[in-house]
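# I'd like to go over a predicted model; first the sequence, then the structure.
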Amino acid sequence: MTARERRSVDVVVVGAGLAGLTAARRLQERGRSVLVLEARDRVGGRTLNHDLGDGQVVESGGQFVGPTQDRVLALATELGVDTFRAHDDGDTVYVHGKAVRRFSGDIPPAWTTLPDLGLLMARLDRAVRRIDLDAPWRSPDAHRLDAMTTASWARSLSLGGGAVEVLEILLGSAYGTTAAETSALFTLWYVAGAGDETHRGTLDRMIGVDGGAQESRFVGGSHRLSALLAADLGDAVVLDAPVRRIEQDASGARVSTDHLDVDAQHVVVAVPPHLVAGIDLEPALPAPQAELFRRMTFGTLMKCEAVYDEPFWRADGLSGQGLFRGDAEPVCSMFDNTPPSGAPGVLMGFLGAHAWKTWADRPAAQRRGAVLRSFARVVGPRALEPTDYWEQDWTTEPWTRGGPTAVLAPGVLTELGPWRDVPHGRVHWAGAEHANHWNGYMDGAVRTGEDVADLITRTTRHEETA
Ligand SMILES: Cc1cc2nc3c(=O)[nH]c(=O)nc-3n(C[C@H](O)[C@H](O)[C@H](O)COP(=O)(O)OP(=O)(O)OC[C@H]3O[C@@H](n4cnc5c(N)ncnc54)[C@H](O)[C@@H]3O)c2cc1C
């Protein structure tokens, strides 16, 4: 039997996603010794690059960034990672049943639904303005809104089912869940956070390409940010080290993996909240906080990507973007995911929510065929013959278990929401799901990593001088 290794640092960070790595780097910059313990054999968590060969990559996890995502953009600048505009020139295609229509601009040509859709967008933005971003449970009407699903709230505005179906297109990729599974209060709060301290969130910014959250991508893929942060941290990052137990008392905390015990004064847990249940905490979390984390479950989302010699759709005046309304297609939305060099051409489709439940279990070849047929409805039959095709199903990743983020069901935010960020003694929380601005996004992850490092630095400075 090999002896257990024993180490000692000021702060242990659990999880080497963007939040954990950002926290660790900032703590190190402030003179604190840190050790990052990561369960996987790689860093980056939900940022993951797929190798296209010839030094080119495409993203299989988080990828888009846009205006007001100030913290992740500042981090990229600091690390020397450039952004480039996501391809947005040309027409988008709207697919509904047998109808396939090209359009330009942001509003899909869902003619009979347009008045309802306009009403929904206007009401949603009005409702969003009333949300208390820091404490959504204190917003006017919070309990009534949290008792409704997003679907029932939309229907309560006397909207026809069409507008809800169009909303599902957005939620399929943004949440990986349906409007019937999510709290209306949560959705309004989530949109309210699609901005920064000086720009209140709007639906347009959340769903938009030009001027919105899908405006840009990172040269070299978003995983480059994680890789560069980890390189800075050097041997302060330990891979293949799932944290099993965190115990603490008045003198300090001990964090244990299968082979390693690390003593520290503070611990930052930067893992998806629903995975906290897999860590044995001694003393245990207060029951309502443990319950909240268990109920911060992730959506179900897969990315399906097809490669072609070139982005042939661009010559036809198409952006490569497609919106699929209804349950008939496996994909709810698709994008041109070509690297900045312009070749090879890559199409990426989101397969999430209801479609994931229908398609995830089917034979891979059947699903591939259906996804490519969806792509073909948008860009033509050449889509049926890619040179490569792959899928990344985030529900099968044991250290993520879903994607893209946590989505709250009715009742959770008002009943348990105040527990989200409460430190558990020496244990602090970080991660995209702990952010108020850009919750669930890379920017939210970076915000919480930086903020928790600042908090611990302030606290320890106070402890040192006390
Ligand atoms: C398909 C998909 C598309 C997305 N698209 C976008 C997008 O376009 N734009 C955007 O901004 N965001 C997007 N996101 C979301 C974005 O990727 C995440 O919000 C962000 O990367 C989360 O970072 P994090 O550090 O909070 O968490 P994670 O990246 O999940 O990192 C947590 C880390 O903790 C580790 N871990 C878990 N349990 C343990 C344990 N017990 N011990 C040790 N380590 C552990 C994990 O392995 C992981 O490395 C997308 C996500 C997905 C899945």
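Looks like it arrived, so ask away.

# the lengthiest helix in the chain near the ligand anywhere?
Taking DSSP state H as the criterion, the chain has its longest helix at helix 442-465. Yes - for helix 442-465, a contact with the ligand is found by CB under 6 Å from any ligand atom, at Met442, Asp443, Ala445. Every C-beta, even on glycine, is put in place using the N, C-alpha and C of the backbone.

# show me where the stretch 301-450 of the chain has its strands.
Along the stretch 301-450 of the chain, counting by DSSP state E, counting those that start in this stretch, strands occupy 301-308, 318-325, 333-336, 345-352, 388-393, 427-429.

# mind listing what's buried in the shortest one?
Read it as strand 427-429. Val427, His428, Trp429 (16 or more other CB atoms under 10 Å).

# quick one, the strand or helix carrying Gly172 and strand 345-352 angle?
For Gly172, the element it lies in under DSSP states H and E is helix 161-174. Interaxial angle of helix 161-174 relative to strand 345-352 (axes from the mean of the first three to the mean of the last three CA atoms, to 10 degrees): 110 degrees.

# run the chain-centre distance for helix 161-174.
Chain-centre distance of helix 161-174: 18 Å, with CA atoms, centre = their mean, to the nearest Å.

# touching the ligand at all, that helix?
No - judged by CB under 6 Å from any ligand atom, helix 161-174 makes no contact with the ligand; its nearest approach is 7.7 Å.

# rewinding a little: looking at the strands of the stretch 301-450 of the chain, which is nearest to Arg295?
Across these, Arg295 has its closest neighbour in strand 427-429 (15.3 Å, CB to CB).

# average pLDDT across stretch 354-369?
Averaging pLDDT along stretch 354-369 gives 97.

# and it, what's buried?
Within stretch 354-369, the residues that count as buried by 16+ other CB under 10 Å are His354, Ala355, Trp356, Trp359, Ala360, Arg367, Arg368.

# I'd say the last one and Tyr389 touch.
Yes - the pair Arg368 and Tyr389 qualifies as a contact (CB atoms under 8 Å) at a distance of 5.7 Å.

# shared neighbours of the two, anything?
Taking CB atoms under 8 Å, 6 or more residues apart in numbering as the criterion, Arg368 and Tyr389 both touch Cys304.

# where do the helices sit along the stretch 101-250 of the chain?
Applying DSSP state H, counting those that start in this stretch to the stretch 101-250 of the chain gives helices spanning 114-129, 142-146, 150-156, 161-174, 184-192, 203-207, 223-233.

# now the angle from the fifth one to helix 161-174?
Read it as helix 184-192. Counting by the same axes, to 10 degrees, helix 184-192 points 60 degrees away from the direction of helix 161-174.

# how many residues are close by the residue nearest to Arg40 when sequence neighbours are not counted?
Among residues not flanking Arg40 along the chain, Trp399 sits closest, at 5.5 Å (CB to CB, 6 or more residues apart in numbering). Burial of Trp399 is recorded as 16 neighbouring residues (other CB atoms under 10 Å).

# Leu275 is in contact with Trp399, correct?
Yes - Trp399 is in contact with Leu275 according to CB under 8 Å; the separation is 7.0 Å.
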